[in-house]
Each structure stands twice: as structure tokens, then as C-alpha cells.
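In: Sequence plus the predicted model coming up.
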Amino acid sequence: MTMKKLGAILMSVAMAVTCFSGCGTAKKEQATIYYLNFKPEAADTWEKIAEEYEAETGVKVKILTSASGNYEQTLKSEIAKRDMPTLFQINGPVGYSTWKNYCMDLSDTDLYSWLLDKDMAVTDGDGVYGIPYVVEGYGIIYNNAIMSKYFSSASKTTPYQSMDEVNNFEKFKEVVDDMTAMKDQLGIDGVFASTSFSAGEDWRWQTHLANIPVYYEFKDKGISDSDTLDFTYAQNFQNIFDLYINNSVTDRTQLADKTVDDSMQEFAHGKCAMVQNGNWAWSQISSVEGNVVGEDDVKFFPIYTGVTGEENQGLCIGTENYICVNKLASKEQQQASIDFMEWVYSSDKGKSYVTNELGFISPFNTFSDDESPSDPLAKEVLEYMNDSSKYSVSWNFTAFPNQKFKDDFGSELLEYCKGEVDFATVTSTVKQLWAEQKEAQKEGQ
């Protein structure tokens, strides 16, 4: 054999070895992480995050985004494939009950340890199977300029000097009733914005407000879901609901055509002092033509209903967005997926994407004040989350049976506003609707 031939053979072997190790590694890296994204509006940003992560670590992240309203169907299809998602999302306990066989225990991860409120995680026994990756909050938004005018008035009959002293329903009702008596002096048409009941606009009552009695009932029972609802705290729901509709800009019998936009305009124009809504409302308020509510005057207040111990209650804080790691993925893929999410929520680059492009309120303690959203209501949510003297009301409406339950509940509440049914009828109807639609949900699975 000539030296020339021997050199050619040795070069071929070297190339084969190089391709075997290098090409194989590249293939493995490309299949390491597969994230099935829930939010279509965030698709472009997640693609940029994936590119940034690959450039920094060499690990490829595949992003697939489901069409709006089609996530469950897409997940069912993708998770049946050989290259299944290693990261996916559930909407809470109801979602976990469907996907529990695919959810890895994340209790030992840094991601879980970073949660500001660990009660928000989806748990089962000692395990943690869903970690929230964005948080939102809702409560009663108030205009502090109007409230300051009230508290400084010589005409008020209550002893309170600021909202800080109003820490339960009894005190809150005193203030609201007194403000209604003084509404002309305060320059408002009502204490609260209109209770919207136009078609599709009643979610603040049949979902968000209804969450509070369900939260306390579930808390008493130590559960996260149930086939039946006792509606133990129906009176508490009625307490606050009556306060809304009896001290509103609009008469309670005239609410059928009112929308959320109407309510937000009323608040933005200073026609009322308060409105129930979430941190997303600031963009609505600030964009209303003729808005008179300044950033420094928009504040949050808990939705008190008369429950014992509510002096320590904070906002309703939660999410319908929980990240899960696929239990059926390889150990390497699981760890790579965890590493990716921890990079997103701890590195400077990742956090910048979360705050500035995704626009998320992060539920993790890895974010400093200057890395948080500038939105004034988002800031309020974060203050409540960081206040160790307050407990958050979790979003138990993720356990509500279905949309039909919510719609029928809303219709019943409107009938109550009109005076066509009493609240005892509302209570019995809600209990019946819950049981019927939970059964219908089971039959549909």
C-alpha cells in the first residue's frame, strides 16, 4: 500500500469519526427542547427567545404555536407523536386532571423555588406539576383623587382617613353608603361604574366575582375542584354584588345593555370612584379620550365580602397559564427544558424579553423592581404579592364547569338585578347548574 493510499484511508476514518460524534451531537441538540406555546400573540417573541437561547447555549428550541382556542386539540395531536412536546401548558386543576399522566414533578426545581406565592402552583399531594409563568390580578380599582376628596371632607360621617383603614366589608360598606349620600358634593354619578350585563360582557360577575365564594368554599374543604357546589358563601357574594348595583352610575334595572367599555369610560371620565377589573385595565383607562385619571391615582383594593378574617385578604391573583414538563420525555430533554425556562426567568436577556416584549407580570422573585412592568396596576399587583401580611385569593374559576355554566349564571344575575327573581333563587339555580354542567363535562370527555 502506498503512503498516498494510506493517508487517504486515515483521512476518511478521521472524517467518519468526526461526523459520528459531531453530527450526532447536533442532531441530539436539535431535538432537545420542544415547546408547544399557548399564546398566539406571543409566538414571534418566543421564536426570538429560542434563537437567543440557541445562540448562547447551542441548544435548539423548537416552538410550535397553537391556533387560538385550539390548544387542547393541538396538544392531543402533538403529544401522540414520536417527537412530542417537552414543554407544554395546562390551564389549572381541570387541565391537570386531563394531562396528569404527562406532567413531571417540578417541586425540586429552581423555577418552583423562585415563586413568590407557591400556593399558585398546581399540586397533587407533595408534587408540583404546573408552575405559573405569568400572573395577573384583579380587585376593585379606585381613583385616589376622588377618595382623597371624600376622606378630607368635613361632611363625611365615617371615621376613616384613608383606604388603608378600610380593611373589611363592613367598613367598606360604610364608606360606599356615605359616598353615595355625598355624590353630588364629590362630583360623581355613582360610587361604582356600571355593572355590565350586555351579551358576553358579564364575565366580571359570573366568573371573576363568583371566584371569591368558590375560593373560600374550596379552601374550607381543602379541595381544588368538586362535582357539586354548596355555595356556602352565597350571602357574601350577594353582599358585594348588592353594593355594586345599588351604588352605581346606572340603575340596577337598566344594566342589560351596559358593556365593560362603558364601565371603563365612566371610570376614566371621573363619573365614578371605583370599578372592578384587573391589571389589564390601565391600558383601557389611559386610552379613553378625555381620561382624567392620572397614573399616580389609580389604585387597587381587595374585594371584601364579609368573610371572617378578610382583613388579611389581598387581591385575586392567579393565572390560567401553567408550564409543565413532559414526564414521558427523556431525562436529558426534561432537564434541558427546565434549564430553558429557568434561563428565561433568571437571565438578563430572558427577563428583558418577559418584561419588555411578552409584557408579563412575572410570578418569580428573580425580577428586581426595575425589571418589572411600568404599568401602575401591574405595580400594585406586585406590591400585594410581596406583602407577607396578605394572602392572595387564587383563581379557582379555572375549575368552573364550562362556559354554559358561566353564561347561565350571568343570566340569572341579570334577572336578579331587574327584580324578577330573589337571591335565594339565584343560589339554588347556581348549585343546580354547577352539578349539571360538571356531569355534562364528564360525559363530553
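Out: Here it is on my side, so go on.

In: Tell me the buried residues in the host helix or strand of Asp44?
Out: Element membership of Asp44, judged by DSSP states H and E, is helix 43-57. Applying a neighbour-count criterion of 16 or more other Cβ atoms under 10 Å, one finds 45-46, 49-50, 52-54 buried in helix 43-57. All C-beta spots, glycine's among them, are computed from the backbone N, C-alpha and C.

In: so what are the domain limits for the protein?
Out: As assigned by automatic domain parsing, the chain contains the domains 22-135+319-367, 137-317+393-444.

In: In TSV, list those along with distance to Met385 and mean pLDDT.
Out: Listed next are the domains of the chain as TSV, based on distance: least, Cβ to Cβ, whole Å; pLDDT from 0 to 100:
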stretch	distance to Met385	mean pLDDT
domain 22-135+319-367	5	89
domain 137-317+393-444	6	95
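
In: picking up where we left off before, and of the buried residues of helix 43-57, the nearest to Val275?
Out: Minimum distance to Val275 across the buried residues of helix 43-57 is 30.2 Å, recorded for Thr45 (Cβ to Cβ).

In: How about the contacts made by that closest one?
Out: Counting by Cβ atoms under 8 Å, 6 or more residues apart in numbering, Thr45 touches 353, 357-358.

In: Equivalent analysis for Phe88, please.
Out: So Phe88 contacts 35-36, 75, 79, 99, 102, 323-324, 326 (Cβ under 8 Å, 6+ apart).

In: Equivalent analysis for Phe197, please.
Out: Residues in contact with Phe197 (Cβ under 8 Å, 6+ apart) are 205, 255-258, 410, 413-414, 417.

In: Also Ala336?
Out: Ala336 sits next to 32-33, 59, 86 when contact means Cβ under 8 Å, 6+ apart.

In: Show me the strands in the stretch 201-350 of the chain, by range?
Out: For the stretch 201-350 of the chain, applying DSSP state E, counting those that start in this stretch gives strands covering 274-278, 298-301, 313-318, 322-325.

In: returning to that earlier point: looking at the domains of the chain, which is nearest to Leu382?
Out: domain 22-135+319-367 (6.6 Å).

In: thinking again about what came up before, most neighbours of all the contacts of Ala336, which one?
Out: Taking other Cβ atoms under 10 Å as the neighbour criterion, Thr86 ranks highest of these with 28 neighbours.

In: Please report phi then psi for it.
Out: Note on Thr86: its backbone torsions stand at phi -100, psi -20 [degrees, to the nearest 10].

In: I figured it hits Ser337, correct?
Out: Yes - using Cβ atoms under 8 Å, Thr86 is in contact with Ser337, at 4.4 Å.

In: ok, back up a step: of the contacts of Phe197, which is the nearest to Gly139?
Out: Trp205 (14.2 Å).

In: what about that closest one, distance to Val393?
Out: Separation of Trp205 from Val393 (Cβ to Cβ, to the nearest Å): 16 Å.

In: same thing with Ile131?
Out: Separation of Ile131 from Val393 (Cβ to Cβ) stands at 19 Å.

In: my guess is Tyr138 meets Gln276, correct?
Out: Yes - at 7.1 Å, Tyr138 counts as touching Gln276 under the criterion of Cβ under 8 Å.

In: Between the two, which contacts overlap?
Out: His208.

In: Next one: Leu36 from Thr74, what distance?
Out: Leu36 is 7 Å from Thr74, by Cβ to Cβ.

In: Equivalent analysis for Gln403, please.
Out: For Gln403 relative to Thr74 (Cβ to Cβ), the value is 20 Å.

In: Compare the two (neighbour count), which wins?
Out: The residue with more neighbours, out of Gln403 and Thr74, is Thr74; 18 against 12, by other Cβ under 10 Å.

In: Provide a list of residues in contact with that one.
Out: Counting by Cβ under 8 Å, 6+ apart, Thr74 makes contact with 36, 64, 66-67.

In: Drop the exposed ones from these and show what's left.
Out: The neighbour count (16+ other Cβ under 10 Å) marks 36, 66 as buried among these.

In: Good, wrapping up.
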